Every structure is written in structure tokens, then in C-alpha cells.
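Participant: Model the following, please.
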Amino acid sequence: AGGAGAGCALSPTHLLTAIHQHLGLPNSQVDVVSDLSVLQLFLLVAMYRLEVRGHTMFNFEMAYDEYRSMQAHREQFNWSRPAALRAFQGLLSSGLALGVDAAAESKGRGAAYAGVQLRLSREGLEEGLKRHRACPTLLTQFLKMEA
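Facilitator: A predicted model of the protein is given here:
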């Protein structure tokens, strides 16, 4: 009764998950979030907060200002602007944020002013923060404030 593989169909999702696991690649945005630096988490939450407030597109300067407002009396989470810009660029490289103003630099504006959009759901962000090994409780509180 039933030879090898009987009743067991592999879907493309099963195959992709197996390939990602074999290669050590993250198989979801949640995995990507859970591997970010704490500074990148702050910027990601800052971008989410901007999005909730109706900004469909924003740039590094806006995200950095929001981050600064979140960490205003918390010296332990105080990073420099150049470090934050590098972290922001890492978010673009990760695919969690997408540049939508590719011509910004050719128009004489730097990368800090190029428009981006967040490509992450609230659920994905929440789960990624939960799985992160060093996520400050403060970040989940800031996220809940925007619910």
C-alpha cells in the first residue's frame, strides 16, 4: 500500500523553504528583521510609525528625526547620524524598504533625501522584534503606541 511519496505532494513553498534552510538564507521578512542590528530595528520602527501617520513615502532624514524623537531621553540608544545612515542603507539592501526615487541623486539630492517605502507588515515587524535576540523592550512599546 502506497509507495514512496504516496499522499505527499511538495509545493513550491516547501522547496523554497528547504533551499533557504540548506543555504542558510532567511526565508521570510521576519527572519530578516530578527537578524538586524538594534539601530536598524529603531529605524524600522521609526519608518513604521511614519507610515501609520499617513506617509506613503519618506526618506532617511524623516526616519532619523522620528528615531531621535523616540530615543529623546534614552542615552543608551544614541547613535550618530552617519551610523544611522549606514544602517538605513542596510535596510534598503535587505529588501525591507524599497527606494522609490531612484533619480534623487541625479537631481542633486543625496541618498538621505531619496524616497523609500516600507515593505513590511505590522505583523512581520512585531514577530521579527519578538524573535530578535537583543530587541529593547522600549521598541515594542513604541510600536504599540502606534496601534
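Participant: What pLDDT does the model give residue 135?
Facilitator: Looking at residue 135, its pLDDT is 93.
Participant: separation between the residue nearest to it when sequence neighbours are not counted and residue 30?
Facilitator: Counting by Cβ to Cβ, 6 or more residues apart in numbering, residue 135 lies nearest to residue 129, which is 4.8 Å off, once chain neighbours are set aside. C-beta: built from backbone N, CA, C; applies to glycine. Applying Cβ to Cβ, to the nearest Å, the value for residue 129 to residue 30 is 9 Å.
Participant: tally of neighbours for the residue nearest to residue 135?
Facilitator: Neighbour count of residue 129, defined by other Cβ atoms under 10 Å: 21.
Participant: what does residue 36 give?
Facilitator: Neighbours around residue 36, by other Cβ under 10 Å: 21.
Participant: same check, this time on residue 78
Facilitator: Neighbours around residue 78, by other Cβ under 10 Å: 10.
Participant: Name all residues that make contact with it.
Facilitator: Neighbouring residues of residue 78 by Cβ atoms under 8 Å, 6 or more residues apart in numbering: residue 71.
Participant: Tell me which stretches of the chain form strands.
Facilitator: Under the criterion DSSP state E, strands of the chain are mapped to 97-99, 116-118.
Participant: between those, which one is nearest to residue 61?
Facilitator: Residue 61 sits nearest to strand 116-118 of all those, at 11.1 Å, using Cβ to Cβ.
Participant: Much appreciated, bye for now.
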